[in-house]
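**Student:** Build me a model:
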Amino acid sequence: MNMKFLNRQNEITRLKRRLAISSACFIVVYGRRRCGKSTLLKRIIGENDLYFVAHQSDQSVLLNALAREIGKKIKGFEKLIYPDWEALLTNLDNTAKEQFTLCIDEFPYLVKSSPQLPSLLQRFLDNNPERKFHLILCGSSQQMMHGLILDSGAPLYGRAHEILKIEPLKAGYLKEAIECTASQAIEEYAVWGGVPRYWELRLQETSLEQGIKNLIFDRLGILHEEPSRLFLDDLRESVQAFSILSVIGNGVHRLSEIAGRLNKPSTHLGRPLEVLLRLGYLKREIPFGESLKSSKKGLYKISDPFINFYFSFVVPNLSRLELDLKDKVFQQISTQLLHYYASEWENLSRRCVPSGAINAIDFDVCYRWWGKNTEGEEMELDMVSQSIDKKHLLVGECKWGEIKNPNSILNTLIQKASFLPFAKGKTVIPVLFIKKWNKSLEKPSWIFTPEDVMKRLK
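**Tutor:** Predicted structure coming up:
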């Protein structure tokens, strides 16, 4: 079953608008593998444009391959021998009769075979501003694309007219993609995250349980070794990343404790943690009101749901999964899944707060909060967000189990909010995010359900 193309309207609009301009442009598209970059590009190029997917080969092989592809559009182009990329691009510009787009996918593979290519391209772009073709470079190696295009010392830095990082899809589209209820979509998203290819694979399975067993747990499953493949794209030292994520997936979140588990000084983890944060695999969570730069309360969490699921449930059970005990492993983790889903429900609930007004009030980014209240007692809240006008404070709790008396939880929440050290002078707006609400009853404005969250996360 093929999944229909979802969202990406902003990216399509930006690309089409830029390509419609008569002067030649240079566009860069990058992002994590399987997020739909190639599908997106194929939707915006026309019949007269050229789309070429690079592969890991020598320069001469890649030059001949691209020349053959161009030869399908420009007769006889492939019959010449091209000593380097500059010769090929120059001849392409000279022989083209009308403006078109050349899209090169997996560009980092070309650079691996021809390290001088970025400098050559810089010279070609600078010397040929009136060339007859737009150039789009696309790549899945985020680190390499960043180094080639975005670093200030890179040859191609400052040349691109558009730089698009293709992110995973927002959670709200998953409900539509696999045609399920909003509650089911929350649980599905907790496993697959927002990567479209994972959604397509899940569509081929009869249930979430079967998808987990067949795609992730089975040692022959297509996603069983997915993190290792992702890390090969982006990390020079994937073993260290695997170790860090394994420790965090096992419930260790403080820097000092992570370093202790790895038997390394905390100072040695700065660089690998920074890389994992930039690539979107990790996030640093701080309490509401703390500074991201100076806070010493930061907790490292795995930010991508699929990676989080993998390191929470696959890595601790790899030995048993190698023995093809996927059914027993699933049975074992089934008791832990409710807590895991509840954690992602919290993440999505916080994420949806700035997406639209609540009680006609616009709120800023939402955080957890933990610390000492005005009575000197330790306290935690699932959600705290300040309004844009700084006059209101949203406080909330997230529950994924059955809630028999939400009013009791609301009253407790209001009481806890009265002891917050930063609530003085602000109007407190209490909210409750719960899994189910009796549809026969009128839902109060302070109750939010999966249906509400999914609508806001698009």
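**Student:** doesn't residue 52 fall inside a strand?
**Tutor:** Yes: under DSSP: H, G, I helix; E, B strand; the rest coil, residue 52 falls within a strand.
**Student:** Distance from the host helix or strand of residue 62 to the middle of the chain?
**Tutor:** Taking DSSP states H and E as the criterion, the element that holds residue 62 is helix 59-71. Computed by CA atoms, centre = their mean, to the nearest Å, the separation of helix 59-71 from the middle of its chain amounts to 33 Å.
**Student:** Output it as CSV, nothing but the C-alphas.
**Tutor:** Below are the C-alpha coordinates for helix 59-71, written out as CSV (Å, rounded to 0.1, in the frame of the first residue of the first chain):
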residue,chain,number,x,y,z
GLN,A,59,34.9,9.9,-10.2
SER,A,60,35.1,8.5,-13.8
VAL,A,61,32.2,6.2,-13.2
LEU,A,62,30.0,8.9,-11.8
LEU,A,63,31.0,11.3,-14.6
ASN,A,64,30.0,8.7,-17.2
ALA,A,65,26.8,7.9,-15.3
LEU,A,66,25.7,11.6,-15.2
ALA,A,67,26.7,12.1,-18.9
ARG,A,68,24.5,9.2,-19.9
GLU,A,69,21.6,10.6,-18.0
ILE,A,70,22.1,14.0,-19.7
GLY,A,71,22.4,12.2,-23.0
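**Student:** so what secondary structure elements neighbour that helix?
**Tutor:** Under the contact definition 3 or more CB pairs under 8 Å, 6 or more residues apart in numbering; DSSP states H and E, helix 59-71 sits against strand 50-53, helix 85-95, helix 107-113. Every residue, glycine included, has its C-beta placed from N, CA and C.
**Student:** So what touches it?
**Tutor:** With contacts defined as CB atoms under 8 Å, 6 or more residues apart in numbering, helix 59-71 is touched by 50, 52, 54-55, 57, 77-80, 82, 84-85, 88, 92, 104, 109-110, 113-114.
**Student:** Now do that helix against helix 85-95, angle only.
**Tutor:** Orientation of helix 59-71 against helix 85-95 (axes from the mean of the first three to the mean of the last three CA atoms, to 10 degrees) gives an angle of 10 degrees.
**Student:** Now do the same for helix 59-71: mean pLDDT, whole number.
**Tutor:** Averaging pLDDT along helix 59-71 gives 96.
**Student:** Dump the helices and strands packed on helix 59-71 into a markdown table; add distance to residue 135, mean neighbour count and mean pLDDT as well.
**Tutor:** As requested, the helices and strands packed on helix 59-71 are exported to a markdown table (distance: least, CB to CB, whole Å; neighbours: other CB atoms under 10 Å; pLDDT from 0 to 100):
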| stretch | distance to residue 135 | mean neighbour count | mean pLDDT |
| --- | --- | --- | --- |
| strand 50-53 | 10 | 17 | 96 |
| helix 85-95 | 9 | 17 | 96 |
| helix 107-113 | 10 | 21 | 93 |
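**Student:** Looking at those, which is nearest to residue 327?
**Tutor:** strand 50-53 (38.3 Å; CB to CB).
**Student:** Each with direction, which strands does the closest one pair with?
**Tutor:** Take DSSP bridges as the rule and strand 50-53 pairs in its sheet with strand 100-105 (parallel).
**Student:** from the chain's centre, how far out does the strand it pairs with sit?
**Tutor:** 25 Å.
**Student:** helix or strand right after the helix or strand bottoming out on mean pLDDT in the chain?
**Tutor:** Least confident helix or strand of the chain, by mean pLDDT, DSSP states H and E, is helix 142-145 with a mean of 82. Using DSSP H and E, the next helix or strand after helix 142-145 towards the C-terminus is strand 162-165.
**Student:** Can you get me the centre-to-centre distance for stretch 191-206 and its chain?
**Tutor:** 14 Å.
**Student:** Mind listing residues that contact it?
**Tutor:** Counting by CB under 8 Å, 6+ apart, 1-3, 6, 32, 34-36, 39, 167-171, 173-174, 177-178, 188, 208, 211-212, 214-216, 222-223, 304-307, 309 sit against stretch 191-206.
**Student:** same for the least confident helix or strand of the chain, what does it pack against?
**Tutor:** strand 26-30, helix 107-113, helix 226-234.
**Student:** Now render the ones you listed as JSON lines, adding distance to residue 375.
**Tutor:** JSON lines is the format used below for the helices and strands packed on helix 142-145 (distance: least, CB to CB, whole Å):
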{"stretch": "strand 26-30", "distance to residue 375": "50"}
{"stretch": "helix 107-113", "distance to residue 375": "56"}
{"stretch": "helix 226-234", "distance to residue 375": "44"}
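**Student:** Provide a list of residues in contact with residue 138.
**Tutor:** Contact partners of residue 138, counting by CB under 8 Å, 6+ apart, are 28, 29, 30, 37, 38, 41, 103, 104, 105, 106, 107.
**Student:** Identify the farthest-apart pair in these.
**Tutor:** Top of the distance list for the contacts of residue 138 (CB to CB): 28 and 38, 14.5 Å.
**Student:** Show me the residue sitting in the middle of the chain in space.
**Tutor:** Nearest residue to the geometric centre of the chain (CA atoms, centre = their mean): residue 168, 4.1 Å.
**Student:** so where's this structure uncertain?
**Tutor:** Counting by pLDDT under 70, the chain contains low-confidence ranges at 1-5.
**Student:** I am finished for the moment; much appreciated.
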